[in-house]
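Trainee: Need a 3D model of the following:
(2 chains)
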Amino acid sequence: MGADCLISGIRPQIAQTIVHLGVDLGDVTSKATLAGAFAVALQRTGLAIIRSPQRPA
Amino acid sequence: MDRIPILKMGEYLLVTVQVDMHDRLAMTLQEDLADRIVKVRARAVLIDISALEVVDSFIGRMLGSIAAIARVLDAETVVVGMRPAVAITLVELGLALPGVRTALNVEKGMEILRRSLETSRGNGAATEAVAQPTDADAQG
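Mentor: Numbering: from 1, shown residues only, chains lettered A, B, ... in the order given. Have a look, this model is predicted:
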């Protein structure tokens, strides 16, 4: 439906199972961490998180 | 039970197969490597098979699945130092190892990994900017 899917935080055992089952994750981006996946998501949507110049005291 | 050592070098994991690779050893290596990639947050795996004189279909398939597992875990894999006889055997077995990157020696393998990590970092440049705005400014 026009949405990209990212997977993060796959455990070693799960990764082995995915490969042994022959699941094709070719079109699915997998990242090691949630932070990494979030960064990719921001980049794909053209968004960025920036620090405001006026920082609360 | 003997294992093939996995060395960590920064974001890279280095595996040098020095002994004859039997099936059990290959399976252990696959499990150990999957665990280590997650444990140390490795981005790249370099497997040196220059000491391997014989590769059967099982070991060939294992190399392919190690690379696939590493990809699922967000790490690149390059297999280096494959002997000509091994390459011929693999192709004759119908295991051309699609999806596994190869290089002639460790030096070239490291170069491939370094380049591909740089490219992926370029794509994730937004993250760096978020984390450290001053660094991004200094580069620009």
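Trainee: Just the strands from the chain, written as ranges.
Mentor: In the absence of a named chain, chain A is used. A:6-8, A:29-31 (DSSP state E).
Trainee: that answer is for a different chain, and I need it for chain B
Mentor: B:6-9, B:12-16, B:44-48, B:76-80, B:101-103.
Trainee: Mind putting those into JSON lines with mean neighbour count?
Mentor: Placement of C-beta: from N, CA and C, glycine included. As requested, these are arranged in JSON lines below (neighbours: other CB atoms under 10 Å in any protein chain shown):
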{"stretch": "strand B:6-9", "mean neighbour count": "13"}
{"stretch": "strand B:12-16", "mean neighbour count": "20"}
{"stretch": "strand B:44-48", "mean neighbour count": "24"}
{"stretch": "strand B:76-80", "mean neighbour count": "23"}
{"stretch": "strand B:101-103", "mean neighbour count": "17"}
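Trainee: Relative to residue A:41, tell me which of those strands wins on proximity.
Mentor: In terms of CB to CB, the element of the strands of chain B nearest to residue A:41 is strand B:76-80, at 20.9 Å.
Trainee: now for the closest one, which elements pack on it?
Mentor: Contacts defined by 3 or more CB pairs under 8 Å, 6 or more residues apart in numbering or on different chains; DSSP states H and E place strand B:76-80 against strand B:44-48, helix B:57-72, strand B:101-103, helix B:106-123.
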